[in-house]
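Undergrad: sharing a model prediction with you, sequence too.
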Amino acid sequence: MGVFDQKDFLGCCGSTKFAKEMVLSGPFSNYQQAVEAARDIWFNKVDVNGWLEAFAAHPKIGESPSHSQKTKSSSSAQWSEGEQSTALASATDSSFQELIEWNARYLQKFGIVFLIFASGRTTLEILAEMKKRYVNRPIVELEIAAQEQMKITELRLSKLFSLQKDASSEAKTDNATDIVNKAGED
């Protein structure tokens, strides 16, 4: 059973409204139930201000989450770093510099960080997508960013459920060990 608090959901999506609504909708019996609730909340209950709050919680692609004071939780910062690891590992000096320049252009034009489901993508793939999306009108880009945020949220929800499952298994193992040890004492 997925019993999480507001801080847990804030690590998945930086919108306070989203996190509060997820707590109210829970607990969730499984990951899929949480994703269905998350999609409904994100697209139907969180307004544009909530979207912007979530976008602002992300570091720029290529920027270390620890250097960005915007991240709202330590798990969010860790997850963000992992999600960008392929891009950072594949960056050359010139592609990294180009990424920094395009991040600045994008932020200047749209007023938000470039949001993309970066997991498994190289720097060149991310740059190509950024250049492709740069020609969009702001309203179109806002919708795309919201869709990308939902992909990121789904990935992070799966990590949250995995962490809970691991902790639950660990607790059961510890409990079993205690029982065995007690039995040996008798």
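TA: Yep, it's here.

Undergrad: now K20: how far from P27?
TA: Per CB to CB, to the nearest Å, K20 is found 15 Å from P27. All C-beta atoms are positioned from the backbone trio N, CA, C, and that covers glycine.

Undergrad: wait, R137
TA: Taken as CB to CB, the span from R137 to P27 is 40 Å.

Undergrad: over to N44?
TA: Distance, N44 to P27, using CB to CB: 21 Å.

Undergrad: same thing with A37?
TA: 11 Å.

Undergrad: the more surrounded of the two?
TA: A37 (17 against 11; other CB atoms under 10 Å).

Undergrad: residues touching that one, list them.
TA: By CB atoms under 8 Å, 6 or more residues apart in numbering, A37 lies in contact with M22, S25, G26, F28.

Undergrad: in helices, which of these appear?
TA: M22, S25 (DSSP state H).

Undergrad: for the contacts of A37, which one is nearest A146?
TA: M22 (16.3 Å; CB to CB).

Undergrad: count the neighbours of that closest one for me.
TA: 27.

Undergrad: which of the helices or strands spans the residue lying closest to it once chain neighbours are set aside?
TA: Spatial nearest neighbour of M22, excluding adjacent residues (CB to CB, 6 or more residues apart in numbering): F9 at 4.2 Å. In the assignment (DSSP states H and E), F9 maps to helix 6-12.

Undergrad: quick one, helices of the chain?
TA: Using DSSP H, helices in the chain cover 6-12, 16-25, 31-44, 48-56, 74-83, 85-90, 93-110, 123-134, 138-185.

Undergrad: which parts of the fourth one are buried?
TA: Residues of helix 48-56 classed as buried: G50, W51, L52, E53, A54, F55 (neighbour count, 16 or more other CB atoms under 10 Å).

Undergrad: show the pLDDT at the first one.
TA: Per-residue confidence at G50 stands at 97 (pLDDT).

Undergrad: which residues touch it?
TA: S15, T16, K17, F18.

Undergrad: mind running it again at 7 Å?
TA: S15, K17, F18 (CB atoms under 7 Å, 6 or more residues apart in numbering).

Undergrad: isn't the last one right up against I41?
TA: So that's F18. Yes - here F18 reaches I41: they are 5.7 Å apart, a contact under CB atoms under 7 Å.

Undergrad: about what we covered before: which parts of the helix holding F9 are buried?
TA: D8, F9, L10, G11, C12.

Undergrad: same check, this time on stretch 19-35
TA: A19, K20, E21, M22, V23, S25, G26, F28, Y31, A34, V35.

Undergrad: stretch 112-127 too?
TA: Neighbour-count burial for stretch 112-127 [16+ other CB under 10 Å]: I112, V113, F114, L115, I116, F117, A118, R121, T122, T123, I126, L127.
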